[in-house]
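In: here you go, sequence then predicted model.
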Amino acid sequence: MTALLKSAFSICLVFLLIVAAPSFALADLGASETIVQRQVDAYNARDLDGFLATYADDAELFAFPATSQTKGKEEMRKLYAPIFTDTSLHAAIVKRIVMGNVVIDHERVRAKLTEGPAILEAIAIYEVSNGKIAKVTFISGKTKPGQRAKKAK
């Protein structure tokens with residue numbers, strides 16, 4: 001009977017390793033996507049404190065391939081505070097790819113520029129570490145004139 005219990009225990013242990021191990025990896029994958037989505041939601045709500053809460057204190061933003069733009073939350077606050085005053089600001093995720101701690105978003109952002117309303121295309125490559133966004137690399141795409149309000153007749 002003891003040998004049978006040991007054998008059953010071994011089979012259960014192997015089963016758990018085969019079945020449960022992938023779900024632990026998926027939990028990590030989901031956490032990276034979740035924090036990035038929380039960041040996008042705060043961006044669209046123009047919630048600066050909520051937006052910054054998703055970032056590590058020493059987070060760094062880059063322009064592709066490796067030009068540092070800002071480092072740390074205080075620099076980010078200075079950069080994003082004026083941007084968040086734009087009531088038309090909105091980021092739509094066109095496509096998202098998630099692999100481990102990396103989330104890649106193709107973003108289409110509606111914003112007001114000095115020339116007027118515009119739609120900006122960008123790729124954002126987010127790297128998540130310890131539950132926070134630690135690094136973002138942006139690849140800028142096309143900027144198109146945005147939708148202007150039609151005049152009432």
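Out: Cool, got the structure. Numbers count the residues shown, from 1 in each chain.

In: so the residue positioned nearest the centre of the chain, which state does it fall into?
Out: Centrality entry for the chain: nearest residue to the mean C-alpha point is Val36, 2.7 Å, by Cα atoms, centre = their mean. What DSSP: H, G, I helix; E, B strand; the rest coil gives for Val36 is helix.

In: same check on the one 10 residues further on?
Out: Following three-state DSSP, we place Arg46 in the coil state.

In: my guess is the residue nearest to the centre of the chain contacts Ile133, does it?
Out: Yes. Val36 is within contact range of Ile133, at 6.7 Å (criterion: Cβ atoms under 8 Å). Where C-beta positions appear, they are placed from N, C-alpha and C, glycine not excepted.

In: which residues do these two both contact?
Out: 54, 126 (Cβ atoms under 8 Å, 6 or more residues apart in numbering).

In: point out where the chain drops to low pLDDT.
Out: 1-29, 147-153 (pLDDT under 70).

In: can you give me the helices in it?
Out: Remark: helices assigned in the chain by DSSP state H are 2-44, 48-53, 73-83.

In: for the residue nearest to the centre of the chain, give its distance to Thr114.
Out: 29 Å (Cβ to Cβ, to the nearest Å).

In: before we move on, what about Tyr80?
Out: 17 Å.

In: between those two, who's got more neighbours?
Out: Taking other Cβ atoms under 10 Å, Tyr80 and Thr114 do not tie; Tyr80 has more neighbours (17 against 5).

In: so what's the more buried one closest to, chain neighbours aside?
Out: Of all residues not flanking Tyr80 in the chain, Leu48 sits nearest, at 6.0 Å (Cβ to Cβ, 6 or more residues apart in numbering).

In: and what of Thr87?
Out: Arg46 (7.7 Å).

In: what about the one you found, neighbour count?
Out: Neighbours around Arg46, by other Cβ under 10 Å: 16.

In: so it sits against Ser88, correct?
Out: No. Arg46 is not in contact with Ser88 according to Cβ under 8 Å; the separation is 10.2 Å.

In: gap between the residue nearest to Thr87 and Asp86?
Out: 8 Å.

In: show the contacting residues for the closest residue to Leu52 other than its chain neighbours.
Out: Nearest non-adjacent residue to Leu52, counting by Cβ to Cβ, 6+ apart: Lys73, 5.1 Å away. For Lys73, the contact set (Cβ under 8 Å, 6+ apart) comprises 52, 55, 57, 59.

In: I am finished for the moment; much appreciated.
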